[in-house]
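Student: Below is the sequence, then the predicted model.
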Amino acid sequence: MSSYLLSRIRRTGALSAVAGLLASALIGAAPAVAAGPVHPPSAAKHASATSVRASLPAGTWWGVKNGRTTSAYNQYFPGYQFGCRGDQRHKGVDVGAPTGSRSYAWGRGRVVGRGYDPGGYNRWIQVYFPSVNMSLTLGHLLDGSELRVGTSFTRNTVWAKVGTKADGLNHRHIHFRAARGNHGASPIGPCEDMNPFILWDALGLPS
Ligand SMILES: [Zn+2]
């Protein structure tokens, strides 16, 4: 094969691959033309993956309707104090959404703590998942929307709604803090918090 032909095939292959990627991005399907290094058929792979993994309601992020991450786990906030060691890193994930947006349960569990923490979590609940022995604290909840202690829930039960107003402010996010074990009596829980994605994955939610 001549070097001219080889380079032409390579270039054509690259262009086809780019066209295929563009097409897949636009229509969400696998590339119609397979060329060069073959990318996995993402659409088929996705379909088989979602059929065995858990799912939360459409239009949710972290189970929060119309939610989006507004502060990441361990994000550095100079001058702030998080957790029981005065850490300047954010010990949870904030998911912002309009006040009143629903927050759906990630899996089967029960409410083990509930309270009001002025200047901190404000209205909060703590939920426990026995199957994985992990817990999650949700802070800044719309007052009165949160489930009561002892309530059992399954995936997609509404835990609470976004946005406490009890302190005169209008909070537009939920703070999610995860930990191993059951620490229902305390809104903060142990010093040894963890990335909430560990709990998310343990419950079989989409990766
Ligand atoms: Zn937060």
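Tutor: Alright, I've got the coordinates. Numbers count the residues shown, from 1 in each chain.
Student: Contact residues of this protein facing the ion?
Tutor: Residues of the chain found near the ion (Cβ under 5 Å from the ion) are 94, 175. Heads up, the C-betas are built off the backbone N, CA and C, glycines and all.
Student: do you know how far residue 179 is from residue 55?
Tutor: 25 Å (Cβ to Cβ, to the nearest Å).
Student: which of those two has more neighbours?
Tutor: Neighbour count, other Cβ atoms under 10 Å: between residue 179 and residue 55, residue 179 has more, with 24 against 13.
Student: correct me, but the more buried one touches residue 196?
Tutor: No - the criterion here is Cβ atoms under 8 Å, and residue 179 misses it with residue 196 at 9.5 Å.
Student: what's the overlap in contacts for these two?
Tutor: Counting by Cβ atoms under 8 Å, 6 or more residues apart in numbering, the common neighbours of residue 179 and residue 196 are residue 136.
Student: how does the protein divide into domains?
Tutor: The record's domain split for the chain, according to automatic domain parsing, is 3-52, 60-202.
Student: okay, these in CSV with mean pLDDT next?
Tutor: Output for these, formatted as CSV (pLDDT from 0 to 100):
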stretch, mean pLDDT
domain 3-52, 41
domain 60-202, 91
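Student: all helices of the chain, in order?
Tutor: With DSSP state H as the criterion, the chain has helices at 3-27, 42-52, 196-202.
Student: Count the residues that sit near the residue in the chain positioned nearest to the ion.
Tutor: Residue nearest to the ion within the chain (Cβ to the ion): residue 175, separated by 3.4 Å. Residues lying near residue 175 (other Cβ under 10 Å) number 23.
Student: Quick check: closest non-adjacent residue to it.
Tutor: Nearest-residue entry for residue 175: residue 139, 4.0 Å, with adjacent residues in sequence omitted and distances by Cβ to Cβ, 6 or more residues apart in numbering.
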